[in-house]
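>>> I would like the atomic coordinates for the input below:
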Amino acid sequence: MPVTTSKGISITKLGISNCVGIGMIDWQRVSELRRDLGDDGFDEVIEIFLDEVEERLGELETKPVDQLSEHFHFLKGCAANLGFATFQEICAEGEASGNTGSIEAAISAYEVSKTEFLAGPDGA
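Numbering: from 1, shown residues only. Coordinates of the predicted model:
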C-alpha cells in the first residue's frame with residue numbers, strides 16, 4: 001500500500017528505482033553541512049548517520065507501540081540534520097501518529113533517500 005506524504009510524494013515497497021530522482025534530498029542542506037564540517041568531518045558524519053539510522057530502523061519493528069514516537073523523533077532529527085527531507089517528513093508523521101503503520105513508509109523512504117544521496121545531486 002503506498003503512502004503519500006503531505007508534499008504528494010508516494011512511497012511504496014515496489015522498488016527503489018521507482019522513486020529515485022524525485023527530490024528526496026535537500027541538496028542545499030547537504031552542501032552547507034559539507035562546507036561547515038569539511039570533507040573529512042562530513043564523511044565521518046555520514047558514516048555515523050547511516051549506521052545509527054539503520055540500527056534504529058531495524059529496532060522499530062520490535063519496539064512497543066508506546067515507544068515509537070520517541071524513535072521516530074530521533075530519526076526525524078537525524079534526517080533533518082543531513083537533508084533527507086522526505087524521510088524527515090515521514091518520520092514526523094510517524095512521531096505524530098505513534099503507530100506501526102509508519103514503519104514501512106519510513107524504511108522505504110530511507111532506502112530511496114539513501115540511494116539518491118549516494119548517487120549524488122546529479123544522479124551520478
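>>> what's the residue positioned nearest the centre of the chain in contact with, if anything?
Residue closest to the mean C-alpha point of the chain, counted by CA atoms, centre = their mean, is Phe87 at 3.2 Å. With CB atoms under 8 Å, 6 or more residues apart in numbering as the criterion, the residues that contact Phe87 are 24, 75, 79, 106, 109-110, 113. To be clear about C-beta, it is placed using only N, CA and C from the backbone, and glycine gets the same treatment.
>>> same thing but 6 Å
79, 109-110, 113 (CB atoms under 6 Å, 6 or more residues apart in numbering).
>>> Going by distance to Gly58, which of those wins?
Gly58 lies nearest to Tyr110 out of the contacts of Phe87, by CB to CB, at 10.9 Å.
>>> Setting aside sequence neighbours, what's the nearest residue to the closest one?
Nearest non-adjacent residue to Tyr110, counting by CB to CB, 6 or more residues apart in numbering: Phe87, 5.1 Å away.
>>> so how far is the helix or strand in which that neighbour is found off the chain centroid?
Secondary-structure assignment from DSSP states H and E places Phe87 in helix 85-97. Chain-centre distance of helix 85-97: 9 Å, with CA atoms, centre = their mean, to the nearest Å.
>>> Would you map the strands across this structure?
Under the criterion DSSP state E, strands of the chain are mapped to 3-4, 10-11.
>>> The longest helix seen in the chain vs helix 85-97, what angle?
The longest helix of the chain (DSSP state H) is helix 27-60. Using axes from the mean of the first three to the mean of the last three CA atoms, to 10 degrees, the inter-axis angle of helix 27-60 relative to helix 85-97 is 50 degrees.
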